[in-house]
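Asker: A predicted structure for the sequence below; I have some questions about it.
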Amino acid sequence: MAKFIPLTVTDINRTTADAVSVRLAPADGSTLPFTQGQYLTFRQEIDGVELRRAYSISAGVTDGTLEVGIKKVRGGAFSTWANENLKVGDTIEALSPMGTFHTPLSPDARHHYIGFAIGSGITPVLSILRSTLAVEPHSRFTLIYANRSARDVMFREELEDLKNENLTRLNIVHILKNDPTGIDLFTGRIDAEKLDAMFAQWVDVETVDAAFICGPESATETIADRLAHHGMDRDAIKYELFAAAQQGKLPQTAIRDDTATSTTATIIVDGTAQDVDVAPGETILTAALRAGLDAPYACKAGVCSTCMCKVIEGDAEMITNHALEDYEVARGMVLSCQALPTGDSITVEYLDH
Ligand SMILES: Cc1cc2nc3c(=O)[nH]c(=O)nc-3n(C[C@H](O)[C@H](O)[C@H](O)COP(=O)(O)OP(=O)(O)OC[C@H]3O[C@@H](n4cnc5c(N)ncnc54)[C@H](O)[C@@H]3O)c2cc1C
Ligand code: FES
């Protein structure tokens, strides 16, 4: 099920003092198709521990390469390793690209898109931006990109080149928290007041067909709220989280009353079913991995959707869900890293993404 593909590092660039952009190609010479805004789940053993981490693809769909941008997180195992140890010629394994942070592109479309990126949240937004400009020659894009200071702007040169090549179709607004930009609106933190002023003076939200937001959860929520307040349909607002700041809305204790008994879960991976006992309070993913099943996962935090499976029989409730859309939940999909069975038995199937 969790089929990892060896990728060769073909190029590495230091895009800021604490972030690298990494180009990759399948080691067997094939190509790895992806949709703009998707992410790769890497698997790497560091200090004897297998880590899995998701990184959004920053390349456009017509660029003919895979590229990710990895920002070093203080004390972070994988991001520090990637920034300090990864080199050209290395092989690193990844699952096929996943994620639903995109809308369909069409060469005939005449759309106005807006992207909001905060810090390393630029990576999927850059992929969407690059792909849109390449595939939709009549569409235009406004990018609002917030960083602590000018030194922290990832992919700065690439963005300048894109702007120069698409003067009439691309508008980039940098917002810097610490560096004065000369314009109050573009200095400081993105908050509701700043967004309202921006939508009054710079961006007419009524002209926007779809919005893509990637950043910390609180800022993402504020941006989505203000866009909706200024008239955008919630369905046209897509967002991607790299980490969740808080637990979901369902308190774990309210999920199951009969916590004294375990559940028998029939877990189907690669078409083969196996019965596994799920202990009270244990997630389906934890039980599957404990039983030695090759179930896919990455963040284990309800953020990435790599562990998604379908409930065929029975019920499960998620502790938190930052990845699945309402229509996916309505179809019976759950994040197995967050899913607690609610009855005596359940059958779930991991489907190929
Ligand atoms: C869909 C998706 C896409 C993503 N795309 C990108 C991307 O394009 N670019 C990008 O840079 N990131 C991206 N991320 C985030 C990325 O997956 C990692 O979460 C991030 O790089 C940190 O991983 P790490 O192994 O370096 O840190 P971890 O080792 O997981 O540590 C994370 C934090 O926890 C702290 N910590 C770790 N262990 C402990 C402990 N025992 N006690 C207390 N604190 C601890 C660390 O100090 C650090 O601050 C994405 C995430 C998702 C879900
Ligand atoms: S492993 Fe990321 S949502 Fe479950």
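Answerer: Good, I have the coordinates. Ligands and ions are numbered 1, 2, ... in the order given.

Asker: Could you list the domains of the chain?
Answerer: 5-94, 112-240, 252-349 (automatic domain parsing).

Asker: Would you mind giving these as CSV with mean neighbour count, mean pLDDT and distance to residue 104 added?
Answerer: C-beta here means a position set from N, CA and C on the backbone, and glycine is covered the same way. Below are the domains of the chain laid out as CSV (neighbours: other C-beta atoms under 10 Å; pLDDT from 0 to 100; distance: least, C-beta to C-beta, whole Å):
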stretch, mean neighbour count, mean pLDDT, distance to residue 104
domain 5-94, 17, 96, 9
domain 112-240, 18, 95, 10
domain 252-349, 18, 90, 15
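
Asker: which helices and strands does the longest strand along the chain pack with?
Answerer: Using DSSP state E to define each element, the chain has its longest strand at strand 5-16. Helices and strands touching strand 5-16, by 3 or more C-beta pairs under 8 Å, 6 or more residues apart in numbering; DSSP states H and E, are strand 19-26, strand 66-71, strand 91-94.

Asker: So for ligand 1, which of those sits nearest?
Answerer: Ligand 1 sits nearest to strand 66-71 of all the helices and strands packed on strand 5-16, at 3.7 Å, using C-beta to the nearest ligand atom.

Asker: re earlier: and the longest strand of the chain, which strands flank it?
Answerer: The pairing partners recorded for strand 5-16 under DSSP bridges are strand 19-26 (antiparallel), strand 91-94 (antiparallel).

Asker: tell me the angle of it relative to strand 66-71?
Answerer: Note on geometry: by axes from the mean of the first three to the mean of the last three C-alpha atoms, to 10 degrees, strand 5-16 and strand 66-71 are set 50 degrees apart in direction.

Asker: Against residue 284, how distant is residue 314?
Answerer: According to C-beta to C-beta, to the nearest Å, residue 314 stands 10 Å off from residue 284.

Asker: Would you mind grabbing the residues shared as contacts by these two?
Answerer: Both residue 314 and residue 284 are contacted by 341, 346, under the criterion C-beta atoms under 8 Å, 6 or more residues apart in numbering.

Asker: Let me see the ranges of the strands in the stretch 101-250 of the chain.
Answerer: Secondary structure of the stretch 101-250 of the chain (DSSP state E, counting those that start in this stretch): strands at 112-118, 140-147, 170-176, 210-214, 237-240.

Asker: Mind putting these into CSV with distance to ligand 1?
Answerer: Output for the strands of the stretch 101-250 of the chain, formatted as CSV (distance: least, C-beta to the nearest ligand atom, whole Å):
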stretch, distance to ligand 1
strand 112-118, 10
strand 140-147, 13
strand 170-176, 19
strand 210-214, 8
strand 237-240, 6
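
Asker: can I get those strands in CSV with distance to residue 26?
Answerer: Compiled in CSV, the strands of the stretch 101-250 of the chain are given as follows (distance: least, C-beta to C-beta, whole Å):
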stretch, distance to residue 26
strand 112-118, 27
strand 140-147, 29
strand 170-176, 31
strand 210-214, 26
strand 237-240, 24
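
Asker: Can you pull the residues of the stretch 1-150 of the chain lying near ligand 1?
Answerer: Proximity of the stretch 1-150 of the chain to ligand 1 (C-beta under 6 Å from any ligand atom) is limited to residues 39, 51, 53-56, 68-71, 73-80, 120, 123.

Asker: what sits against the residue most central in space within the chain?
Answerer: Centroid check for the chain by C-alpha atoms, centre = their mean gives residue 240 as the closest residue, at 4.5 Å. By C-beta under 8 Å, 6+ apart, residue 240 lies in contact with 37, 56, 99, 101, 121, 124, 212-214.

Asker: how about CSV for the helices and strands packed on strand 5-16, with distance to ligand 2 added?
Answerer: Shown next, in CSV, are the helices and strands packed on strand 5-16 (distance: least, C-beta to the nearest ligand atom, whole Å):
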stretch, distance to ligand 2
strand 19-26, 21
strand 66-71, 17
strand 91-94, 14
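
Asker: want to try JSON lines for the ones you listed, with distance to residue 132 as columns?
Answerer: Output for the helices and strands packed on strand 5-16, formatted as JSON lines (distance: least, C-beta to C-beta, whole Å):
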{"stretch": "strand 19-26", "distance to residue 132": "20"}
{"stretch": "strand 66-71", "distance to residue 132": "16"}
{"stretch": "strand 91-94", "distance to residue 132": "24"}
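
Asker: quick one, which of these is nearest to residue 84?
Answerer: strand 19-26 (9.3 Å; C-beta to C-beta).

Asker: Please, where are all the helices along the stretch 201-350 of the chain?
Answerer: 217-229, 284-290, 326-330 (DSSP state H, counting those that start in this stretch).
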